[in-house]
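Colleague: Make a model of this:
(one chain, ligands or ions: 1)
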Amino acid sequence: MDFGISEKMQAVLGMINEFVDRELIPLEREFLVNEFRDMLPVLEQKRAMVKKMELWGPNHPTELGGMGLSMLEHGLVSEALGRSPLGHYVFGCQAPDAGNIEILHQHGTEEQKDAYLAPLAAGKIRSCFAMTEVDMPGSNPVMMDTTAVKDGDDYVINGHKWYTTGADGATFAIAMAITDPEAPVYLRASMIIVPTDTPGYNLVRNIPVMGHSGSDYASHGEVLFQSCRVPRKNLLGKEGMGFVIAQDRLGPGRIHHCMRWLGICSRAFDLMCRRANERPIAPNGKTLATRQIVQEWVADSAAEIQAARLMTLYAAWRMDTAGHKEARDDVSMIKYVVANTMQRVVDRALQVHGGLGMTDDTVLAYFFRHERAARIYDGADEVHKTSFAKRCLARYAG
Ligand SMILES: Cc1cc2nc3c(=O)[nH]c(=O)nc-3n(C[C@H](O)[C@H](O)[C@H](O)COP(=O)(O)OP(=O)(O)OC[C@H]3O[C@@H](n4cnc5c(N)ncnc54)[C@H](O)[C@@H]3O)c2cc1C
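Modeller: Down below sits the predicted model:
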């Protein structure tokens, strides 16, 4: 098995790592204590630099001005970008836009591509994805209350969504709604493009999450659809294909997330090791690094990161070579393995920093509170474990 990285990718990763270190990490102090909205002018400058370096949209198709990288290649890029909370946004591959770009590219009409996909891929507008509902279990989204009823040439949408990431400032939402309640469960829902200035589309609030409401891209919206009327031509793909398209979106999205989390692991690990070497712990000049328990955290973290990373790269390679369906078990496994690895590594790094770790003077507290959600979104740990285990056990049955 060849674990080598092509020369082209080594060059790309070198440029990205340097950019993250030189241009993004120094912005973090400001980012951690300000509204995301206030950072937009400086981030726009950084985006222009990325475009000039021809590193914009690493996973977008080349015809959309992206780099057209494979899943495995984008995984490596995502890891490099994940070292800073600003990385994905500045390179134009942030969730949920990256997923929306994929599904618009695969399923959009020419008119939808011109109106929504082209400006989205160019970073001129942002979008959001509204599937999860306040009163229904997101873990089982076939239980959905939101409806889109045909009325003449329109759909009329009613429903109550939340955790619509980046709804604040988005130009359009892709909303999941039941279009045929009588159809078999997996064919009941459809995806519909809703411009956010449509009457009846109401952003109720940015939900406070772990003590922070956030703004713009760094926010999670509660959205109420009240007799929200959009033309039927805003249907994305075929009617009833909402869950099928959602699956197309989720597989690659999980790989991207896992690689981003590995970038977070790598950053937390660096911070932990540096602090352990620098922090005196006794009058004789000994540092934290001389303590066996810290050495154990370093050893465990390095091994766990390595294991999680190899699993993720393997899953990405399976997706590139065998396809989404064949890679399903690999993707389920990395989703809970990497999320938990990240949580442990960030927790140890924070512990090594003591009181400093709890402040926003380092990025660790941000990672600790912000990334706890990794074990919940895109399928909670328990959902992935049970669905993988069921498939696995079925192979042993009879
Ligand atoms: C930061 C963040 C960003 C998000 N962004 C978006 C977005 O942009 N768009 C969007 O539509 N949604 C988004 N979500 C919503 C996310 O997809 C849901 O929160 C997730 O699917 C879980 O659904 P739920 O919150 O309704 O939890 P529930 O479905 O109520 O589940 C609660 C808990 O029950 C347990 N559980 C559930 N099912 C099972 C099972 N079968 N077996 C065992 N235990 C189980 C799990 O521990 C789970 O955490 C986001 C969520 C977060 C936290």
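Colleague: Just the strands from the stretch 101-250 of the chain, written as ranges.
Modeller: Counting by DSSP state E, counting those that start in this stretch, the stretch 101-250 of the chain has strands at residues 127-130, 147-151, 154-165, 172-178, 189-195, 201-206, 214-215, 218-231, 235-236.
Colleague: just so I know, which of these lies nearest the ligand?
Modeller: strand 154-165 (3.4 Å; C-beta to the nearest ligand atom). Every residue, glycine included, has its C-beta placed from N, CA and C.
Colleague: other SSEs contacting that closest one?
Modeller: When contacts are defined as 3 or more C-beta pairs under 8 Å, 6 or more residues apart in numbering; DSSP states H and E, strand 154-165 sits against strand 127-130, strand 147-151, strand 172-178, strand 189-195, strand 218-231.
Colleague: Let's have the ones you listed in CSV, adding distance to Ala276 and mean pLDDT.
Modeller: As requested, the helices and strands packed on strand 154-165 are exported to CSV (distance: least, C-beta to C-beta, whole Å; pLDDT from 0 to 100):
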stretch, distance to Ala276, mean pLDDT
strand 127-130, 40, 98
strand 147-151, 55, 98
strand 172-178, 45, 98
strand 189-195, 48, 98
strand 218-231, 30, 97
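Colleague: Quick one: those as CSV, columns for mean neighbour count and distance to the ligand too.
Modeller: CSV is the format used below for the helices and strands packed on strand 154-165 (neighbours: other C-beta atoms under 10 Å; distance: least, C-beta to the nearest ligand atom, whole Å):
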stretch, mean neighbour count, distance to the ligand
strand 127-130, 26, 5
strand 147-151, 17, 15
strand 172-178, 26, 7
strand 189-195, 24, 11
strand 218-231, 20, 5
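Colleague: Could you export those as CSV, including distance to Leu313?
Modeller: Below are those laid out as CSV (distance: least, C-beta to C-beta, whole Å):
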stretch, distance to Leu313
strand 127-130, 26
strand 147-151, 40
strand 172-178, 29
strand 189-195, 30
strand 218-231, 28
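Colleague: Any idea which of the ones you listed gets closest to Leu86?
Modeller: Of all the helices and strands packed on strand 154-165, strand 218-231 sits nearest to Leu86, with 9.7 Å by C-beta to C-beta.
Colleague: now that closest one against strand 147-151, angle please.
Modeller: Taking axes from the mean of the first three to the mean of the last three C-alpha atoms, to 10 degrees, one finds strand 218-231 and strand 147-151 inclined to each other by 20 degrees.
Colleague: Can you list the residue ranges for helices in the stretch 201-350 of the chain?
Modeller: With DSSP state H, counting those that start in this stretch as the criterion, the stretch 201-350 of the chain has helices at 242-278, 292-322, 328-352.
Colleague: got a markdown table for the ones you listed, with mean pLDDT, distance to Arg232 and mean neighbour count too?
Modeller: Output for the helices of the stretch 201-350 of the chain, formatted as a markdown table (pLDDT from 0 to 100; distance: least, C-beta to C-beta, whole Å; neighbours: other C-beta atoms under 10 Å):
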| stretch | mean pLDDT | distance to Arg232 | mean neighbour count |
| --- | --- | --- | --- |
| helix 242-278 | 94 | 15 | 22 |
| helix 292-322 | 96 | 33 | 17 |
| helix 328-352 | 97 | 33 | 22 |
